[in-house]
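**Q** this one's structure only:
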């Protein structure tokens, strides 16, 4: 009888310990070229970006910018109010890696970017770092794909 009571009590406790599966969690967006747009930014037929500016989370206040671009889109890299230093053009890619062209007065450099890995590129004697960045959204957003890849570009503080 004790054994039966112990098993029943154990099952009751196990049932109480289950987690509510309706709680939001983070989901990584998968870059899927040609995917249906889910947001106004994804509906744009161009890239979206910010200028290079001091990164408050960086101990040495390096410069950084964030951009989102689809296949065939390009974005300029420049400091706020300054001239374009170079352009980044997304040539091809998938969820794992991207091929980009970095175009400047010095010519064109072709780079392969793997997700979350920084790749150095030298333009006008300055080494910039480009990253194809993973993006997470709440599982309650209702979608898990995006037609725009996310980029981070960093530069040393001048």
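**A** Arrived safely, thanks for sending. Quantities reported herein were computed from a predicted structural model and do not represent experimental measurements.
**Q** How about residue 72, nearest residue that isn't a chain neighbour?
**A** residue 90 (6.9 Å; C-beta to C-beta, 6 or more residues apart in numbering). Quick note: C-beta positions are derived from backbone N, CA and C, even for glycine.
**Q** if I look at the one you found, how far off is residue 49?
**A** 12 Å (C-beta to C-beta, to the nearest Å).
**Q** mind listing the helices for this protein?
**A** Secondary structure of the chain by DSSP state H: the helices cover 2-16, 40-43.
**Q** mean pLDDT lowest for which of those helices?
**A** Among the helices of the chain, helix 2-16 carries the lowest mean pLDDT, a mean of 39.
**Q** so what's residue 114 bridging to?
**A** For residue 114, the beta-bridge partners under DSSP bridges are residue 97.
**Q** Just to check, it is in contact with residue 95?
**A** No - here residue 114 does not reach residue 95: they are 10.8 Å apart, not a contact under C-beta atoms under 8 Å.
**Q** more neighbours, those two?
**A** residue 95 (17 against 12; other C-beta atoms under 10 Å).
**Q** in the chain, what spans have low per-residue confidence?
**A** Within the chain, the segments meeting pLDDT under 70 span 1-22.
**Q** at 80 what do you get?
**A** Applying pLDDT under 80 to the chain picks out residues 1-24, 58-61, 139-141, 158.
**Q** residue boundaries of the strands in it?
**A** Here the chain has its strands, by DSSP state E, at 26-28, 30-31, 48-49, 53-54, 63-69, 74-77, 86-93, 97-104, 107-114, 118-123, 126-133, 136-138, 145-146, 149-155.
**Q** could I get the ones you listed as TSV with distance to residue 40?
**A** Below are these laid out as TSV (distance: least, C-beta to C-beta, whole Å):
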stretch	distance to residue 40
strand 26-28	20
strand 30-31	18
strand 48-49	10
strand 53-54	23
strand 63-69	12
strand 74-77	17
strand 86-93	19
strand 97-104	23
strand 107-114	26
strand 118-123	29
strand 126-133	20
strand 136-138	15
strand 145-146	13
strand 149-155	16
